[in-house]
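Undergrad: any chance you can model this:
(3 chains)
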Amino acid sequence: MAAVAPTLARRIARPGVLPLCSRPQAWGRAARQSPGLPRAPSLLLAQRRAFSNNKILVELDEGSGIATMKLKSPPVNSLSLDFLTEFCISLEKLENNRGCRGVIFTSAIPKVFSSGLDITEMCRKSTEHYAEFWRAVQEMWLRVYGSNMVTVAAINGSSPAGGCLLALSCDYRIMAENPKFSIGLNEAQLGIVAPFWFKDTFVNVVGHRVAERSLQLGCLHSAPEALRIGLVDELVPEEKLQDKAAAVIAQWLALPDHARQLTKSMMRKSVLDRLVAHREEDIQNFISFITKESIQKSLHMYMEMLKKKKG
Amino acid sequence: MAAVAPTLARRIARPGVLPLCSRPQAWGRAARQSPGLPRAPSLLLAQRRAFSNNKILVELDEGSGIATMKLKSPPVNSLSLDFLTEFCISLEKLENNRGCRGVIFTSAIPKVFSSGLDITEMCRKSTEHYAEFWRAVQEMWLRVYGSNMVTVAAINGSSPAGGCLLALSCDYRIMAENPKFSIGLNEAQLGIVAPFWFKDTFVNVVGHRVAERSLQLGCLHSAPEALRIGLVDELVPEEKLQDKAAAVIAQWLALPDHARQLTKSMMRKSVLDRLVAHREEDIQNFISFITKESIQKSLHMYMEMLKKKKG
Amino acid sequence: MAAVAPTLARRIARPGVLPLCSRPQAWGRAARQSPGLPRAPSLLLAQRRAFSNNKILVELDEGSGIATMKLKSPPVNSLSLDFLTEFCISLEKLENNRGCRGVIFTSAIPKVFSSGLDITEMCRKSTEHYAEFWRAVQEMWLRVYGSNMVTVAAINGSSPAGGCLLALSCDYRIMAENPKFSIGLNEAQLGIVAPFWFKDTFVNVVGHRVAERSLQLGCLHSAPEALRIGLVDELVPEEKLQDKAAAVIAQWLALPDHARQLTKSMMRKSVLDRLVAHREEDIQNFISFITKESIQKSLHMYMEMLKKKKG
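TA: I've put the predicted structure just below:
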């Protein structure tokens, strides 16, 4: 159960090393349906357990073909480079596993689904680090938004910024009906700007007008409000969240895989392609933005504030 | 009242033979408003009655300028090649008739508006047949979605797949408030995928999020649900459907034709142009998809199931 | 307090004379945040009061940084060339004033917010005049839709056509809850067609389906209906309109300017760019449309009808 050496895990996020960095898996997945083609190397399958007890707990119900990825990276499931790398490897293994057709994302941490991008990855680091980190963020989105599996977010806690993006990238969003939990792309509140593909994903879910207002105000919407604006599809009592998520996936899986996957691709392809076409440019934009002294200062102040809150 | 020979009717659907296959009539219609330009050849007008008692009953109220196209192709108004050819010729004649400014599409068959594309046209046929059939489906959509007339669907029965597309292509949709009637693009249920222009038309009516979910699940929405998601504009008791449709058209016709038509074209042009630009490619896509052995098998099983249901 | 000579005011609207006609200010505004760059020439600031008592009353609350532009061009705040020129100059001065971060548009005329484009500018005038007028209409939209300031429409009266466009171009719309007040892009009612950028702006607010139907019918929506379809964001009693607008702006201004402005630009850039890229073509389209004898006749009849109504 030894974890893969961090250096290896990080190398995976570099361009050209493993297919993790190529086009999102979804568009190539048809290959696994051709019985004559080679399967994913068993090395990846062997790695599975290695990761399952690290930052993400992966459970696969072989009867239903539904996996659950439980985010358990205390204190708040922030999306660090290590977390993202493990996330993408875990997801790829499920994507390559014929026995798995649907996946539920949920949190093992009380009250928080995911707090979004890990700010420490964006403060006082090298340009190379920023590039590697941002590529991993892109990778997470490309893999989830383009997944051939049915993806459901079981949002059992608050879910700002990158946490909201993860939920938005799924096929369906169910949130615990707790008015204390909130969700939204609140980047503007921190003085930063959601990248265009966060915005595209948001617009595809809630429409242009709601997205424009919510993004400019950096809104965090309470669960009932999130339902009202269509940011989540339904609210259920927290104890029924997992059952409901499994029931929803079962409903989606009743459709022929091939037709469902091609339909999903048709709906999402233009937005996915836009990032694929501008990926390096997007990384450069991120670097030049995040290395601005004013942005560094503002992120630093935000982190200090968080530390004081804890203390 | 003899029907046009099928060979002639079919020739009409071939490229370059008659204007039926050219750009949708709407963009050329301004011509009829220039008194100096030639009108449509009277041959087409002479054909009118020949078709009116075949698969579609066309009635024109000369006082109001409102025509009704009653689909009456038992048992379920499926969109066969013959049906589509007659549909397009009938619609073109109305489009070229200055006395006609609006058209209501409705069904003369109880409980069904249209069951969508005729599956027998897609099973065990020649490549040439598939091409001819698909061109006719495209033609129906190009003509209705791009029509200069005010178009209203009076949906007096269930309306899956291609039947739903016909309704979506109108300016306004009124459905009988019978919860047993359903409507939707349920292609995914049959293991097939709605083409991109079905999707574009759907997104323009219900928005991206509703379309994404509904298409992936192949949803058939009951009348009340169709109203709730904006797939239809209103529900009325079935016996009031025709009167309501006529009243709606009269309201739309109160606007100056020229301004209304240019506005409609502005809203729909990009989506129409997209198919016009990729029409042959779309036909090839259809052929290569439909000739897959797995698809043929799945359609064949579906047809056998339908036969047993009847038997 | 002498008004700038009309000839000067008009020259401002010509291409290449002043930055008024260049790309919308918003994209260049970042300049003012770089302390090393030159500020707008003080000539413009000196002009300020000259305009403030003409057709638009500009008040700036220096404490809050919120300006109010009160339209007061009797009888109905129609958007004449003079009005538009003054509007753009006033807005540019606010945009260049660091002390001003938000602006409320409202009317000083009872019962009407703005009646839209001044029809007398479109009747029996020279081609040069039509070009100058249309460029000024474009300019108003480019400046408001692309403004870096927080913009709120406090709609205290009816607001057809161009008046509706002004409101649609803001970040937020609050309307007096008077069911007698109406708002909409009713161009089709006059036999004319809203240009593509009116349409794009409308679609971004209410979505494709609502826009398609509303534009084709030339709908004027009552205040409650406007709220229901999302054309306005909220209704308040007329006497509370100004306070509410100021409170909303304060809420938006609580966000860091830089992040809010970049986010707004990201949401609106593609639509703004489309007009910038086709600006001269759009002017030519307007001229060739408006000089049609049928359109002139129809506008003339409309004006006669308005005169009789008054008489």
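
Undergrad: pretty sure A:Thr106 sits in a strand.
TA: Yes: checked against DSSP: H, G, I helix; E, B strand; the rest coil, A:Thr106 lies within a strand.

Undergrad: tally up the residues packed near it, please.
TA: Counted by other Cβ atoms under 10 Å in any protein chain shown, the residues lying close to A:Thr106 total 21. Where C-beta positions appear, they are placed from N, C-alpha and C, glycine not excepted.

Undergrad: show me what contacts it?
TA: With contact set as Cβ atoms under 8 Å, 6 or more residues apart in numbering or on different chains, A:Thr106 has these partners: A:Thr68, A:Met69, A:Lys70, A:Leu71, A:Phe113, A:Ala153, A:Ala154, A:Ile155, A:Asn156, A:Leu241, A:Gln242, A:Ala245.

Undergrad: then A:Gly191?
TA: A:Ser294, A:Ile295, A:Ser298, A:Leu299, C:Pro256, C:His258, C:Ala259.

Undergrad: from chain B, how far off is it?
TA: Per Cβ to the nearest Cβ, to the nearest Å, A:Gly191 is found 29 Å from chain B.

Undergrad: look up the pLDDT of that residue for me, please.
TA: At A:Gly191, the predicted lDDT confidence score is 89.

Undergrad: in a strand, A:Ala67, correct?
TA: Yes: secondary structure of A:Ala67 (three-state DSSP): part of a strand.

Undergrad: which one of the contacts of A:Gly191 is nearest B:Ser147?
TA: C:Ala259 (46.1 Å; Cβ to Cβ).

Undergrad: now do the helix or strand hosting that closest one, average pLDDT.
TA: Here C:Ala259 sits within helix C:257-277, counting by DSSP states H and E. Mean per-residue pLDDT for helix C:257-277: 97.

Undergrad: next one: stretch A:102-110
TA: 98.

Undergrad: how long is stretch A:231-246 end to end?
TA: Distance across stretch A:231-246, first residue to last, is 20 Å (Cα to Cα, to the nearest Å).

Undergrad: so which bits of chain A are right by chain B?
TA: Within reach of chain B by Cβ under 8 Å from any Cβ of the partner chain, chain A has these residues: A:171-172, A:203-207, A:230, A:233, A:251-252, A:255-256, A:258-260, A:262-264, A:266-268.

Undergrad: next structured bit after the helix holding C:Ala259?
TA: Going down the chain from helix C:257-277, the next helix or strand is helix C:279-290, by DSSP H and E.

Undergrad: and that following helix, how far out from the chain's middle?
TA: Mean-position distance between helix C:279-290 and its chain equals 19 Å (Cα atoms, centre = their mean, to the nearest Å).

Undergrad: and A:Met175, that one's in a helix?
TA: No: counting by three-state DSSP, A:Met175 is not part of a helix but strand.

Undergrad: A:Cys164 is in contact with that one, correct?
TA: No: using Cβ atoms under 8 Å, A:Met175 is not in contact with A:Cys164, being 11.0 Å away.

Undergrad: between those two, which contacts overlap?
TA: Common neighbours of A:Met175 and A:Cys164, counting by Cβ under 8 Å, 6+ apart, are A:Ile183.

Undergrad: distance of the residue nearest to A:Ala131 when sequence neighbours are not counted relative to chain C?
TA: Counting by Cβ to Cβ, 6 or more residues apart in numbering or on different chains, A:Ile283 is the residue found nearest to A:Ala131 once chain neighbours are left out, at 5.3 Å. A:Ile283 is 17 Å from chain C, where distance means Cβ to the nearest Cβ.

Undergrad: which pLDDT value belongs to A:Val210?
TA: 98.

Undergrad: I figured it hits A:Gly230, correct?
TA: Yes: between A:Val210 and A:Gly230 there is a contact under Cβ under 8 Å: 7.3 Å.

Undergrad: who has more neighbours, those two?
TA: A:Val210 (19 against 15).
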